[in-house]
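Undergrad: Sequence below, structure please.
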Amino acid sequence: MRLDWQWRPTLAVAGKEFRDRVRNRWVVAVAVVFAAFALLIAYFGGAQGGEVGFRGIAVTVASLTSLAIYLVPLIALLLGFDAIVGERERGTLDLMLSMPLTRAEILVGKYLGLAGALSLATLGGFGAALLPLLGRLDGAGVRMYLGFVGSTALLGLAFLSLAVLISTLARERARASGAAIATWFGFVLVFDLALLGVLVATAGRGASAWAPYVLLLNPADVFRVLNLYGNDALRGAFGLGTLLPQHWNDPILLCGAMLAWILAPLGLALWRFR
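TA: Model prediction:
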């Protein structure tokens, strides 16, 4: 096994992983699900209130953000939890390590292949849903929707990094799947409930000094702030205006936090796999 790093074998591993996902129609299935949910929410999101039809891009993005927080992390975790441990259980990992491939090339290649498939499904699905809405949107509306689609792709990549980290830590595929589900519950459900409990218990005293930094510990919350805090109406509706300082609507800061959530777990996974 070589000790140096080369991009050509890395891309070869990535290409195989990506082609496997496309060949089994995983990308198409997820893209269709995303597009269908986006269109249904855009046109029928207000049906429970007796309203049917497109109600505006801000309301649509808010509804899609709530949906994506639950759906995208789950899909990303299920996609990547067996990236390494699955190869180990099937006995193919030893075969790959016997080839002129370094451990870094294998792990990064598998991550890039899975990331390409997940990003294609996300961008293709939610992007396709934009086409029927174009006639109803102005330039600002299109930018808002594209910002949502791009941040959704970042959210998926962050949880895919966590899935690959789980896959390198787990010794069995069953344990990896359980850890992936526990990670989804922890970040998507338990984290916000715990934060809400602390805010209620302290009556929100001094929350603006520490709560914004606590939100950075959860990529799902970074995604939520990134999509909801930039709009005045949504900021007030979701109570973010009283919790977060004004400078927290900087997309560069929030995108940087999302990139950190992508790179940090992947770096830990690479260290563990080596």
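
Undergrad: from here on, contacts and neighbour counts on C-alpha atoms
TA: OK.

Undergrad: do you know how far the residue lying closest to residue 169 once chain neighbours are set aside is from residue 250?
TA: The spatially closest residue to residue 169, leaving aside those adjacent along the chain, is residue 272, at 7.2 Å (CA to CA, 6 or more residues apart in numbering). Using CA to CA, to the nearest Å, residue 272 is found at 34 Å from residue 250.

Undergrad: if we look at stretch 165-185, which residues are touching it?
TA: 73-74, 77-78, 80-86, 89, 163, 265-266, 268-269, 272-273 (CA atoms under 8 Å, 6 or more residues apart in numbering).

Undergrad: In helices, which of those residues appear?
TA: 73-74, 77-78, 80, 85-86, 89, 163, 265-266, 268-269, 272-273 (DSSP state H).

Undergrad: Where does the prediction get shaky in the stretch 151-274 of the chain?
TA: Counting by pLDDT under 70, the stretch 151-274 of the chain shows low-confidence ranges at 203-204, 206-208, 229-249.

Undergrad: Now do the helices in it.
TA: Taking DSSP state H, counting those that start in this stretch as the test, the helices found in the stretch 151-274 of the chain are 173-184, 191-201, 207-215, 219-228, 232-237, 251-273.

Undergrad: tell me the most buried of those?
TA: With neighbours taken as mean count of other CA atoms under 10 Å, these reach their highest mean count in helix 219-228, at a mean of 24.

Undergrad: What helices and strands are in contact with that helix?
TA: Helix 219-228 is packed against helix 57-80, helix 139-169, helix 251-273, with contacts defined by 3 or more CA pairs under 8 Å, 6 or more residues apart in numbering; DSSP states H and E.

Undergrad: From the chain's centroid, how far away is the longest one?
TA: Just to be clear, that refers to helix 139-169. 4 Å (CA atoms, centre = their mean, to the nearest Å).

Undergrad: quick revisit: nearest to residue 109, out of the helices of the stretch 151-274 of the chain?
TA: For residue 109, the closest of the helices of the stretch 151-274 of the chain is helix 251-273, at 11.3 Å, according to CA to CA.
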